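Peer 1: Here is my input; please provide its structure:
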Amino acid sequence: MHNNFILNEQLDADTTEVINLGLCRVLMMEDARFPWLILVPRINDLRELHHLPKQHRSHLFDELEATSLALEQLFKPDKINVATLGNIVIQLHIHVVARTLTDDAWPGPIWGAGKQIPYTDKQRTNRLNLISTKLRQLTSQ
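Peer 2: Numbering: from 1, shown residues only. Predicted coordinates for the structure are as follows:
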């Protein structure tokens, strides 16, 4: 399942890897305006959520829960958005975004809202360390 996993080129270009959990690779979107993670099940050729083999579904939900809790605990958002669109990148991936009433896109969707703000190296490193530490803590319980 995981040995020959190939991440979509667009996802690879737009994100930085945070951590590999049991099923999913967790990525951080390169947009400092939003705490924005993407979970990608490490199974090749998945396009739709309902294509995920049954034996992995509860595992995916557990990792989605841990990712959502990590963002909630670290960033205290007003809302956690979870979405699987796949209109541009067809590889199954799940967006998990911490939203606040004062963010650049509120109350609309984040896609196409304003201009992306890249992380500085220091911001990226700090956020990656913060999130990966929290995810390790939440998934080891």
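Peer 1: H51 versus the most centrally placed residue in the chain, what's the distance?
Peer 2: Of all residues in the chain, the one closest to the mean position by Cα atoms, centre = their mean is I38, 1.9 Å from it. I38 sits 18 Å away from H51, going by Cβ to Cβ, to the nearest Å. C-beta here means a position set from N, CA and C on the backbone, and glycine is covered the same way.
Peer 1: hmm, who's touching the helix or strand L64 falls within?
Peer 2: With elements taken from DSSP states H and E, the one containing L64 is helix 54-75. Applying Cβ atoms under 8 Å, 6 or more residues apart in numbering, the external contacts of helix 54-75 come out as 21-24, 26, 35, 37, 39, 41, 43, 52, 77, 80, 82, 94, 96-98, 100, 130-131, 134-135, 138-139.
Peer 1: Show the buried residues in these.
Peer 2: Those of the contacts of helix 54-75 that meet the buried threshold are 21, 23-24, 26, 35, 37, 39, 41, 43, 52, 77, 80, 94, 96-98, 131, 134-135, 138-139, by 16 or more other Cβ atoms under 10 Å.
Peer 1: among the contacts of helix 54-75, which are in strands?
Peer 2: The strands, defined by DSSP state E, take in 24, 26, 37, 39, 41, 80, 82, 94, 96-98 from the contacts of helix 54-75.
Peer 1: ok, now how distant is R42 from V97?
Peer 2: Taking Cβ to Cβ, one finds R42 at 21 Å from V97.
Peer 1: low-confidence ranges in the chain?
Peer 2: Flagging of the chain using pLDDT under 70 yields the residue ranges 1-3, 141.
Peer 1: follow-up on the earlier one: which residue packs closest to the residue nearest to the centre of the chain, ignoring adjacent ones?
Peer 2: Spatial nearest neighbour of I38, excluding adjacent residues (Cβ to Cβ, 6 or more residues apart in numbering): L27 at 4.4 Å.
Peer 1: Would you mind listing the buried residues in stretch 112-123?
Peer 2: Y119.
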